[in-house]
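Asker: heads up, no residue letters with this:
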């Protein structure tokens, strides 16, 4: 079953179809967000869910952290900064409590056999 959701765009709003599985995932608190790929300090990707005010950052080692209660202004500054790593350290890491999350990349990395690096 498909539902509909109004999404803001530059000229107003548009109604888009939303699959039932996505509606269910959001209703139980599952955070679906688009990640923006970056390369700044140890940061490799950042994402923000304005509805839940949740920020997710992914690091060069594949680990990821989420921060709740992050305002849209901090996201705007982080996502548009010439040096996102500095904004992250000064305005997010020092001000908000982090929660470690698993990502597909870090889960795959943790299941990797360490001998593969030696013997290919």
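Answerer: In hand now; what should we look at? Computed from a predicted structure; not experimentally measured.
Asker: Just list what the host helix or strand of residue 67 packs against, helices and strands only.
Answerer: For residue 67, the element it lies in under DSSP states H and E is strand 64-68. Contact here means 3 or more CB pairs under 8 Å, 6 or more residues apart in numbering; DSSP states H and E; on that basis strand 64-68 packs against strand 54-59, strand 98-101. The way it works is simple: take the backbone N, C-alpha and C, and place the C-beta from them, glycine included.
Asker: what's the following helix or strand after it?
Answerer: Immediately after strand 64-68, counting by DSSP H and E, sits helix 72-80.
Asker: I'd like the average pLDDT over the following helix or strand past that following helix.
Answerer: Downstream of helix 72-80, the next assigned helix or strand under DSSP H and E is helix 84-87. Averaged across helix 84-87, pLDDT comes to 96.
Asker: and if you look at stretch 100-116?
Answerer: Here the average pLDDT along stretch 100-116 is 58.
Asker: bridging residues for residue 43?
Answerer: residue 40, residue 59 (DSSP bridges).
Asker: Please tell me how far it sits from residue 51.
Answerer: Taking CB to CB, to the nearest Å as the measure, residue 43 and residue 51 are separated by 23 Å.
Asker: Need the pLDDT of the closest residue to residue 71 other than its chain neighbours.
Answerer: Distance criterion CB to CB, 6 or more residues apart in numbering; nearest residue to residue 71, sequence neighbours excluded, is residue 53 at 6.7 Å. pLDDT recorded at residue 53 is 91.
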